[in-house]
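Pasted the sequence and its predicted model underneath.
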Amino acid sequence: MVGRWLKTSKSWSDSSTKNSVATTLSRRRSCRSFVERKLPKGLILELIDKARRTPTAGNSQGVEFLVLDDKSAVDDFWKVSFSGKDKSKFPFPGLFRAPVLIIPFGIPSMYIERYKEDDKSYTNLGEDIKEWKVPYWLTDAAFATMALQLLAIENQIETCFIGLFDREERIKENFSIPQNYEALGVLILGYPDTEEVKVGRSQKRERRPLSEVVHLGSWHSPQ
Ligand SMILES: Cc1cc2nc3c(=O)[nH]c(=O)nc-3n(C[C@H](O)[C@H](O)[C@H](O)COP(=O)(O)O)c2cc1C
């Protein structure tokens, strides 16, 4: 049930244009089945350049991206991911056809160095990685990755973000990623296979009501 304070027939936001943030967000769903068609050359670089306008803590800018956009590199990623496991049992084989994979990395050392500087030294965050209750390098990587997803959708490209889990070390080694870089996960991009739509079990879960997730003014808002 929507709480009293949230019930309104008026729309407060302006989402009239086709590519408004609101429209693009409402169109976004995880796509788990792609066709092999390549993305326009240069598009991904352009989108990443735009996506990296998202904020970073202390303007540390400690976020970098590994872009795999040729078939042999993408195949290599999946081969390394599934090493020792049976790839044929994977429920979403349509993911393997996506032409582009992007792995965003957060670089803790860049944040430590930045927070050692005079204007940030009061935080003590420049002392040690253990001081960071929130790993801002991953926060910032996530902000940029979300922006990248919205920009992709605006360009008729579908996406799926997935975790790396125990694959992270193997992937880092295979693609010569510096040891201290932390991977956020993998953003899979491409054009959807409309004939093989796959919906994951997580995707079927209902969205929680707004009144349950927003606590307006105090934790126990009137219903
Ligand atoms: C941090 C994160 C990790 C995820 N990891 C996986 C994953 O490992 N495999 C997968 O199929 N989907 C993964 N997803 C996608 C979610 O399952 C999906 O976003 C969720 O079910 C909601 O569906 P929607 O994206 O279509 O709205 C992940 C999403 C996020 C944000």
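Perfect, thanks for sending it.

where does this protein dip in pLDDT?
Applying pLDDT under 70 to the chain picks out residues 1-11, 13-16, 221-223.

Next to the ligand, which bits of it? Give me the list.
Residues of the chain lying close to the ligand (C-beta under 6 Å from any ligand atom) are 29-30, 161-163, 185, 200, 202-203. No exception for glycine: its C-beta is placed from N, CA and C like everyone else's.

Please name every helix or strand in contact with the helix ranked longest in the chain.
Ranked by number of residues, the top helix in the chain under DSSP state H is helix 136-154. Using 3 or more C-beta pairs under 8 Å, 6 or more residues apart in numbering; DSSP states H and E as the contact test, the elements touching helix 136-154 are helix 21-27, helix 43-51, strand 63-68, strand 100-106, helix 108-116, strand 158-162, strand 186-190.

Now that we have the residues of the chain next to the ligand, which of them are buried?
Buried members of those, counted by 16 or more other C-beta atoms under 10 Å: 30, 161-162, 185.

before we move on, the earlier item: distance to Leu125 added to the residues of the chain next to the ligand, as TSV?
Listed next are the residues of the chain next to the ligand as TSV, based on distance: C-beta to C-beta, whole Å:
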residue	distance to Leu125
Arg29	37
Ser30	34
Phe161	27
Ile162	30
Gly163	26
Gly185	24
Gly200	37
Ser202	34
Gln203	37
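
which one of the residues you listed sits closest to Lys89?
The shortest gap between Lys89 and any of those belongs to Gly200, at 15.3 Å (C-beta to C-beta).

Right, I'll leave it there.
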